[in-house]
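Visitor: return atomic coordinates for the entry below.
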Amino acid sequence: MIKGTFLLGMGAKWDDAALKEIPVGGFASAAPQMRHYAQCKGDGIVQVSGIGPFVVNFVGPDDAGAAKKGE
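Guide: Numbers count the residues shown, from 1 in each chain. Sure thing, here's the model as predicted:
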């Protein structure tokens, strides 16, 4: 986490109670295929790193970016 407040939860279903705050300077890791969800409170800068291939799979049709999937 570079700037702001970032919340991260693990699992296939969103659970507000399971969200953990990642502090500035902190990091989290996830195993391959680990389902997870996240949000920023306000503006934030998050760095995502990994070994490719890297794919973002949105869960619901209203999730950000899902409309652009066919482009």
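Visitor: the protein: strands as residue ranges?
Guide: Counting by DSSP state E, the segments of the chain that form strands are 3-10, 20-22, 36-45.
Visitor: and residue 49, what does it touch?
Guide: Counting by CB atoms under 8 Å, 6 or more residues apart in numbering, residue 49 touches no other residue. C-beta: built from backbone N, CA, C; applies to glycine.
Visitor: can you list the low-confidence ranges for the protein?
Guide: 60-71 (pLDDT under 70).
Visitor: returning to that earlier point: dump the strands of the chain to a markdown table, plus distance to residue 55 and mean neighbour count.
Guide: As requested, the strands of the chain are exported to a markdown table (distance: least, CB to CB, whole Å; neighbours: other CB atoms under 10 Å):
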| stretch | distance to residue 55 | mean neighbour count |
| --- | --- | --- |
| strand 3-10 | 18 | 16 |
| strand 20-22 | 21 | 14 |
| strand 36-45 | 13 | 12 |
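Visitor: now for those, which one comes closest to residue 30?
Guide: strand 36-45 (5.5 Å; CB to CB).
Visitor: check the offset of that closest one from the chain's centre.
Guide: Distance, stretch centre to chain centre, for strand 36-45: 7 Å (CA atoms, centre = their mean, to the nearest Å).
Visitor: now render the strands of the chain as JSON lines, adding distance to residue 52.
Guide: Conversion of those to JSON lines gives the following (distance: least, CB to CB, whole Å):
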{"stretch": "strand 3-10", "distance to residue 52": "21"}
{"stretch": "strand 20-22", "distance to residue 52": "23"}
{"stretch": "strand 36-45", "distance to residue 52": "18"}
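Visitor: quick one: which of those is nearest residue 51?
Guide: Closest among these, using CB to CB: strand 36-45, at 16.8 Å.
Visitor: so what angle separates the directions of the closest one and strand 3-10?
Guide: 180 degrees (axes from the mean of the first three to the mean of the last three CA atoms, to 10 degrees).
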